[in-house]
Every structure is written in C-alpha cells, then in structure tokens.
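Student: sequence plus predicted model, see below.
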Amino acid sequence: MRALVYSAPDEAAVVDTLDPAFGETDCLVRMRRVGICHSDFDLLAGKYILPIEYPIIPGHEWTGEIVAVGAAVTGFAVGDRVVGECSVADDQHFGFTIDGAIADLVRVPQAWLHKLPDSIDDTMGALVEPFTVAYGATDEIDGSDDVVVFGGGPIGLCAVASAHAKGGRVILVEPDAARREIGLSLGADVVVDPIGIDVVARILELTDGRGASRIVEATGRPAVMAQTLEAAAYGAYITNIGINVGDEHPARLGLIVEKMLRIRGQVGSVGVWPQAIKFLGHTGIDLTPLVSQVFPLDEALTALAESSKRDVNIKIHIRPNDGADATWT
C-alpha cells in the first residue's frame, strides 16, 4: 500500500509499504478522505504532548470503509462506512503515537470506531473529528445564549455551526473576510473583524451591555484568551480549545471571581462521538465549505504545502481511495 510517512523531524514522503497487520479486535479500513490538521505539522516538527517515535503515518481526521474484520470483532462488518476517534487511550493517540490515516489501508481498533449514517458523505465524514471538538465545547447551549466564538479556523467554524444549531445567537470574531463569510453561511448572526477596533466594546454593544453568556476561544492566542474574561457576562461559561504552549499575556484574573466565571480547557472530544454523529445526521449541517482543496494520496506533500497556507486554505483533504479504483485482497 501507499502511505505518507514521517521518517524523522521535517522529513516526509509518500512511500510504498506493507499492508498493516490487524488483530482479533481490529478492523482494516480503506481510507476515503483524510483531513490535514495543524497538529500534523507539529508532529512533523517533532512536537507533541506525548512522546513520539519515527517512522509514523499521520492523519486523525478521516472516514473510510471496512474491508476486513478481526475474528473477535462484533457490531462491524465489511462494507461499513466508519470514522474513528483519535485519543481514546491516554497513551495511544491515533495518527500520533500509532500509525494514522494518510494511507490506503489502516488498522483501527474496534473500540475506536463509529458507523456513519448514509446522510453523512465522505467529505463530511472526514470533518466529524474536528466537529466533535466543537460539539463538546458548545454543550448545554440553548436559545437564551449569546455565544461568542473567537477564531474562524476549522474548529471555530464548526463551533459556529454547532452553537447555531443548538439555538444560540452566535457572534464570530475573525479577521479574515472569507472565513467570516463562511461563518455567516454556517449560522453566525453577526461577524466581527477585530482589526483596529475595541472587540470587547463591540461585544458588549451587541449584547446590550451584558457580555456573552457562552464563549468558545478557538485561536490559541493568549491575548484573545485574556479578552474572553472581559467579554464574558456574569456567570458565563468560557471554553478554551485553542492550543498554546508557553506564550504569555497579561490578564485581569480577578474577573474570574468578580463575574463568577466558569472556565475550562478542552483537548480532543472523548465521550461525545455518538451524540455528535447523530446530531450531524439529524440537523443536516453542511460543513463542506470548510474544505478548500482535495488531493490524491500521491500528492500528499503538495497537500501539506497548501495546508500550511492558512491565509488561503481552511481545510485540505487527501483522497487515498475512491471506491472501485482501490481494492484489497
């Protein structure tokens, strides 16, 4: 089979390699779509929250079709369209500490898999993983909430769609005009360009001076994290999903107590996948505008290069296989 392999820090190539062996509780999955995530670049640079070893196949946002099952597998069969979680076990992260999805064929433990309904196509299937993060970050939102999403990256835009579908009034803060337009198409009621304005004053204006009852911080920028305290209403929930390691910025931490704020950080999306998939199937949310370009597996290096152009592309997908043109025996 073919796979994108990181052989060492900053060394990547599409190579021919052996089909993966799979055990009694594993499924062998033929990949159909795989998304590239910013963390795939961290992995290539040799950085991750757990120890990593090379060579490694990246890719954790994917959908595929089961082509073989282990002897002890139950509930899954050849032909099932599936997606899979990436951080079920604390010391095993799919696509980081064990081989991931940017390949023709992938071994996936049964416990990590979820079936896709027919209403979710391959492109949407490969967006399930980022959506689950946003779905978890927008829990308990209802029609009474003013929701501010800081950052119109893939997960931020998924948070806009999720919060809107749950009934919240959504304000997206994002400097890029194209991403603001996509935010509007996904349900944002108001979009705010933060360049050159007092963002907190604008949010207070839009909420009749109350501030936001729910805030999703998806930029990972410490200055924006500090702004969330200022923009929050009394008793607000703030969920931080933007990742940052080591950067600093002054913040008025006394506001946490003064406003009785409830703040949490979220990495990944353990425990919400069945609900998120059902939610996508029932609501008909269309996240496909997030996908800027799709490349075949042989052009995975070009896909990586394009994905690094964050001012041009939101989400790049790789297409390892398209049904009849790919077989396994």
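Tutor: On my side now, so go ahead.

Student: so which residues of the stretch 51-200 of the chain form helices?
Tutor: For the stretch 51-200 of the chain, applying DSSP state H, counting those that start in this stretch gives helices covering 122-125, 128-137, 154-165, 177-185, 199-206.

Student: packing partners for the first one?
Tutor: Yep, that's helix 122-125 we're talking about. strand 26-35, strand 61-69, strand 81-84 (3 or more C-beta pairs under 8 Å, 6 or more residues apart in numbering; DSSP states H and E). Any C-beta I mention is one placed from the backbone N, CA and C, and that applies to glycine too.

Student: now mean pLDDT, distance to Ala177 and mean neighbour count too, for the ones you listed, in JSON lines please.
Tutor: Shown next, in JSON lines, are the helices and strands packed on helix 122-125 (pLDDT from 0 to 100; distance: least, C-beta to C-beta, whole Å; neighbours: other C-beta atoms under 10 Å):
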{"stretch": "strand 26-35", "mean pLDDT": "97", "distance to Ala177": "23", "mean neighbour count": "25"}
{"stretch": "strand 61-69", "mean pLDDT": "97", "distance to Ala177": "25", "mean neighbour count": "24"}
{"stretch": "strand 81-84", "mean pLDDT": "98", "distance to Ala177": "32", "mean neighbour count": "23"}
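
Student: Asn240: which of the helices of the stretch 51-200 of the chain is closest?
Tutor: Nearest of the helices of the stretch 51-200 of the chain to Asn240, taken as C-beta to C-beta: helix 128-137 at 8.7 Å.

Student: tell me the mean pLDDT over that closest one?
Tutor: In this model, helix 128-137 has an average pLDDT of 97.

Student: taking strand 61-69 as reference, get the angle to it.
Tutor: Orientation of helix 128-137 against strand 61-69 (axes from the mean of the first three to the mean of the last three C-alpha atoms, to 10 degrees) gives an angle of 120 degrees.

Student: mind checking how far Ala77 is from Glu65?
Tutor: 11 Å (C-beta to C-beta, to the nearest Å).

Student: next: Gln110.
Tutor: When Gln110 is compared with Glu65 (using C-beta to C-beta), they lie 15 Å apart.
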